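*Asks:* The following block contains a protein sequence and its predicted model.
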Amino acid sequence: MTVGPGDVNSTLDEVAAAGNEAGSSLRAATGSPGDSGRKKLESRSPVQIAFARLRRDKIAMVCAVIVVLFVLMGIFAPLLAGLEGQSPTATHYDLIGNDNLPSFYTNGQHWLGITSSNGYDVFARFVYGIRPSFLIAISASIVTTVIGVVLGLLAGFLGGWVDRVIGWLTDFSLSLPILLMAIALVPVMSQYLAGSEPSQSQVQQVRIVVLMIVLVFSGWAGTCRLVRGETLALRQREFVQAARALGAPTGRVLFKEVLPNLTSIILVSITLAIPAYIGAEAGLSYLGVGLTLPTADWGLDISLAQDQMQAFPLPLLVPLIGLLIAVLCLSLLGDAISDAFNPNTRR
């Protein structure tokens, strides 16, 4: 049987038509790029993926809103206390021990009552007490993370004697009894740094700085160890080896190649350190080695109000519940961020 050129051409036309029809059906079914309503695939970085996972976490979003409210209350504490018309350091001795007033005395001037020891307004001290707790915790967390990340990078990337020296410092820091050290050092350092005749504001400023120093000294070692272990793994990766082979300086390799890959560790370290430091600062103030009167502080107010718990519980319950909610929300938010940046977890 002889096949002519016309038969071959007609057969090829039929095959092409069938292929076009099949391709159109496949694109209509799968939404391939040839379709007019195709969807563009957008590439996202691991950080963007993590934040997308975090936004879908309802508990994390609720905790984030509560934390923001606490921060706003601390920032606008003068405005909130001004609405009540009270000051956190003003005393009302005329209302203490007045037999004509109930022990739970509250009115339009004192929304949550006053303390029975010195007549401080409870609401004003609550909103002002947010300031030192969050200021010390956030500042100490940032400084701790910076020191831990830098030393961890150097120890993990350089190795040798640098790694050994930083390792010794880390072990020394972790071996110290932090609570006893804080109880011993805070009063001594505060008195030494404040001078012979300091003012009340200078004493409080020095105590805040000393508390930050103690918290930073006790917290940088954990971050350093974590960053060191991750850096040891990253320095063997191909992109780091390529940068070193091209002659990139050590500083550029550390802060341009390795550091961006530690973003998740840095964020998790900060978010988990803040609630721990808030609790630590309140605990030290409760023990009498933190801030002192007349400065408003949650831990200090809890310590002063524990004697009047049976007669009037609000001076104790208000800062205690505020501290509990703040630490709980920050801890849950830190756990959510840790899970969001961990690709092996699903919340």
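*Replies:* Everything's here; your move.
*Asks:* got the contact list for Leu333?
*Replies:* Contacts for Leu333 (CB atoms under 8 Å, 6 or more residues apart in numbering) come out as 60, 63-64, 67, 271. (Glycine included, C-beta is placed from N, CA and C.)
*Asks:* Now it: which helix or strand?
*Replies:* helix 314-340 (DSSP states H and E).
*Asks:* got the buried residues for that helix?
*Replies:* 314-320, 322-323, 326-327, 329-340 (16 or more other CB atoms under 10 Å).
*Asks:* What's the mean pLDDT across that helix?
*Replies:* If you average the pLDDT over helix 314-340, you get 89.
*Asks:* before we move on, what about stretch 263-278?
*Replies:* The pLDDT scores in stretch 263-278 average 87.
*Asks:* quick one: buried residues of it?
*Replies:* Buried residues in stretch 263-278, counted by 16+ other CB under 10 Å: 264-278.
*Asks:* got the buried residues for the helix or strand containing Val203?
*Replies:* Assigned by DSSP H and E, Val203 falls within helix 200-234. By neighbour count on 16+ other CB under 10 Å, the buried set for helix 200-234 is 203-204, 206-208, 210-228, 230-231, 234.
*Asks:* just so I have it, where are all the helices in the stretch 101-250 of the chain?
*Replies:* Using DSSP state H, counting those that start in this stretch, the helices of the stretch 101-250 of the chain run over 122-158, 160-175, 178-194, 200-234, 238-245, 250-252.
*Asks:* circling back: which members of the buried residues of stretch 263-278 are positioned in strands?
*Replies:* When DSSP state E is applied, the buried residues of stretch 263-278 are split such that none fall in strands.
*Asks:* Thr115: which of the residues you listed is nearest?
*Replies:* Nearest to Thr115, judged by CB to CB, of the buried residues of stretch 263-278 is Ile278 at 21.9 Å.
*Asks:* Test my guess that the closest one contacts Phe134.
*Replies:* Yes. At 7.0 Å, Ile278 counts as touching Phe134 under the criterion of CB atoms under 8 Å.
*Asks:* okay, now Ala280: neighbour count?
*Replies:* By other CB atoms under 10 Å, the residues close to Ala280 number 24.
*Asks:* For it, which non-adjacent residue is spatially closest?
*Replies:* Distance criterion CB to CB, 6 or more residues apart in numbering; nearest residue to Ala280, sequence neighbours excluded, is Leu215 at 6.1 Å.
*Asks:* any idea which residue sits dead centre in this structure?
*Replies:* The residue lying closest to the centre of the chain (CA atoms, centre = their mean) is Thr271, at 2.4 Å.
*Asks:* Please name the residues that touch the closest residue to it other than its chain neighbours.
*Replies:* Leaving aside its sequence neighbours, Thr271 sits nearest to Gly334 (CB to CB, 6+ apart; 3.7 Å). By CB under 8 Å, 6+ apart, Gly334 lies in contact with 268, 271-272, 274-275.
*Asks:* Among the residues you listed, name the ones in helices.
*Replies:* Mapping the contacts of Gly334 onto helices (DSSP state H) picks out 268, 271-272, 274-275.
*Asks:* Out of the residues you listed, the closest to Leu287 would be?
*Replies:* Nearest to Leu287 among the ones in helices among the contacts of Gly334, counting by CB to CB, is Pro275 at 18.8 Å.
*Asks:* Surely that closest one is in contact with Val327?
*Replies:* Yes. Because the distance of 4.5 Å satisfies CB under 8 Å, Pro275 is recorded as touching Val327.
*Asks:* follow-up on the earlier one: relative to helix 122-158, how tilted is the helix holding Val203?
*Replies:* 30 degrees (axes from the mean of the first three to the mean of the last three CA atoms, to 10 degrees).
*Asks:* Just want the angle from helix 200-234 to helix 238-245.
*Replies:* Using the same axes, to 10 degrees: helix 200-234 against helix 238-245 is 90 degrees.
*Asks:* what's helix 200-234 packed up against?
*Replies:* Helices and strands touching helix 200-234, by 3 or more CB pairs under 8 Å, 6 or more residues apart in numbering; DSSP states H and E, are helix 122-158, helix 160-175, helix 178-194, helix 263-286.
*Asks:* Go again with 6 Å.
*Replies:* Counting contacts by 3 or more CB pairs under 6 Å, 6 or more residues apart in numbering; DSSP states H and E, helix 200-234 packs against helix 122-158, helix 160-175, helix 178-194.
*Asks:* next one: the last one to chain centre, how far?
*Replies:* The gap between where helix 178-194 is centred and where its chain is centred comes out at 26 Å by CA atoms, centre = their mean, to the nearest Å.
*Asks:* can you check the second one too?
*Replies:* Computed by CA atoms, centre = their mean, the separation of helix 160-175 from the middle of its chain amounts to 26 Å.
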